[in-house]
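Chemist: please work out how this folds:
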Amino acid sequence: MSLAIINARILTLDSFGRPEPRRKKAMRDLGVIQRGWIRCENGRISAVQAGDYPGPYEGQVIDASGNVLLPAFVDCHTHACWAGDRFDEFEMSLQGASYLEILRRGGGIMSTVGAVRAATEDELASNLLRRLGGMAALGTGTVEVKSGYGLNTDDELKMLRAIHQASRMTMQTVTGTFLGAHAIDPGNPRTVEQIIDETLPAVASEFPGITCDAFCEEGAWSLDDCRRLFEYAKELGCPIRVHTDQFNSLGMTRLAVEFGAVSVDHLEAITPKDLEHLAHSRTIAVCLPCAGFHLDGRYAPARALIDVGGAVAIATNCNPGSAPTPSMAFTIALACRKLRLTPAEAITAATFNAACVLGMQETIGSIAVGKRADFQLIDATDEREIGFEIAGPGPLAVVLGGEIVHLRSVGRDEEEEADGESTDEGEGGESN
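Modeler: Numbers count the residues shown, from 1 in each chain. The predicted structure is shown next:
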């Protein structure tokens, strides 16, 4: 399919071949083309230019009418593969029960573990596809999805196979992460040994090079247990990520940096010394403000991290317990208000820097010739509206792999009256 978007304010976020995540003032440079056009062919971006579209063009053309075109969001931390619900626990939290208290009562993660163990691979894949569809309509083109609701070899593999199955049935880019170290199963006193000695090698054998994650927290995986897990993961060639400093600072952030972890995620309870140590490392901080919004009003010190030179990304943390949202736009709005990021910094954290977390910055996260044609057109002529607006209707159009996967309305002129159709030029220009 051939497609061109013309008369757009383009946020390229082009790194000009530099693969490192953006830091400090570079996070505010969105690579803006005030008025320009892009063309994509065979799923890739073939041209990005300022000025008037030269035309004529054999393919579909959408007139952006001055609206903002930016990369599709990259949601680099989710738990979007699950079964069941936790509505009862939500009501408990409204009555004052804390997240850790619910976890100690056998709820939280373990509640979802039971539902996932009872579900089939096909059911998990179907549930995930439904959520991915909602994410796509809200502008998300790439989604990382963790396992972690199986907590044994068979069910962790079932989750990862379901994630892989769903990845083949969507235009989004979907990547799985092994999170067998998500909780301690109270019914299995050998949870840690089993996950390290049996589940990890089985997963690494079936999914070579898969990222290995862990939840280091009181009542979950200890610092020493995570150390053992990560030592083995590195032997097996698995990159490392870790949930750390969400409720308590146990020393995991500093250990993760020493292990060369790709990212440390959450960080609501990070200490000033660990923040400084992290900021001067290559490890990326992934901040998850939706969890703070839903749970307890606590947020990572992302402003301080950026100011001292840290690399920061943001993600939804989409899950059934602590962050029940598919929306990266809402995450950006929270990042501006609660993490004290500027709209430009939040957009960078949700696109290029998030792509760096997944090691995909060479193909996604910015608009440049040769990259995958994943972008979105929003109903605004100023990108700051993404951070300003709360719970808006989503983008006008979402293009993934060069194909329109969502089309709400395009333009601010009389074409808006034409049943949401795009402006067509040349042959074969009908919208899908």
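Chemist: by mean pLDDT, which helix or strand of the protein comes out lowest?
Modeler: helix 99-104 (a mean of 78; mean pLDDT, DSSP states H and E).
Chemist: return the following helix or strand past it as PDB; C-alpha atoms alone will do.
Modeler: Using DSSP states H and E, the helix or strand that follows helix 99-104 in sequence is helix 109-118. Extracted in PDB, the C-alpha atoms of helix 109-118 (Å, rounded to 0.1, in the frame of the first residue of the first chain):
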ATOM      1  CA  ILE A 109      -1.100 -10.800  41.500                       C
ATOM      2  CA  MET A 110      -2.100 -14.200  42.900                       C
ATOM      3  CA  SER A 111      -5.800 -13.500  42.100                       C
ATOM      4  CA  THR A 112      -4.900 -13.100  38.400                       C
ATOM      5  CA  VAL A 113      -2.600 -16.100  38.500                       C
ATOM      6  CA  GLY A 114      -5.500 -18.300  39.300                       C
ATOM      7  CA  ALA A 115      -7.500 -17.000  36.400                       C
ATOM      8  CA  VAL A 116      -4.600 -17.300  34.000                       C
ATOM      9  CA  ARG A 117      -3.900 -20.900  35.000                       C
ATOM     10  CA  ALA A 118      -7.500 -21.700  34.300                       C
END
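Chemist: can you pull the buried residues of helix 109-118?
Modeler: Buried residues in helix 109-118, counted by 16 or more other CB atoms under 10 Å: I109, M110, S111, T112, V113, A115, V116, R117. Placement of C-beta: from N, CA and C, glycine included.
Chemist: farthest-separated two in the residues you listed?
Modeler: I109 and R117 (12.3 Å; CB to CB).
Chemist: ok so, going back, and the least confident helix or strand of the chain, what does it pack onto?
Modeler: Other elements packing on helix 99-104 under the criterion 3 or more CB pairs under 8 Å, 6 or more residues apart in numbering; DSSP states H and E are helix 87-94.
Chemist: who touches the helix it packs on?
Modeler: A97, Y99, I102, G107, G108, S111, L295, G321 (CB atoms under 8 Å, 6 or more residues apart in numbering).
Chemist: next, count neighbours for the nearest residue to the fifth one once chain neighbours are set aside.
Modeler: The shortest distance from G108 to any non-neighbouring residue, by CB to CB, 6 or more residues apart in numbering, is to I102 (4.9 Å). Other residues near I102 number 21, with proximity taken as other CB atoms under 10 Å.
Chemist: I102 and T112 touch, don't they?
Modeler: No. Between I102 and T112 no contact is recorded; they are 11.8 Å apart, counting by CB atoms under 8 Å.
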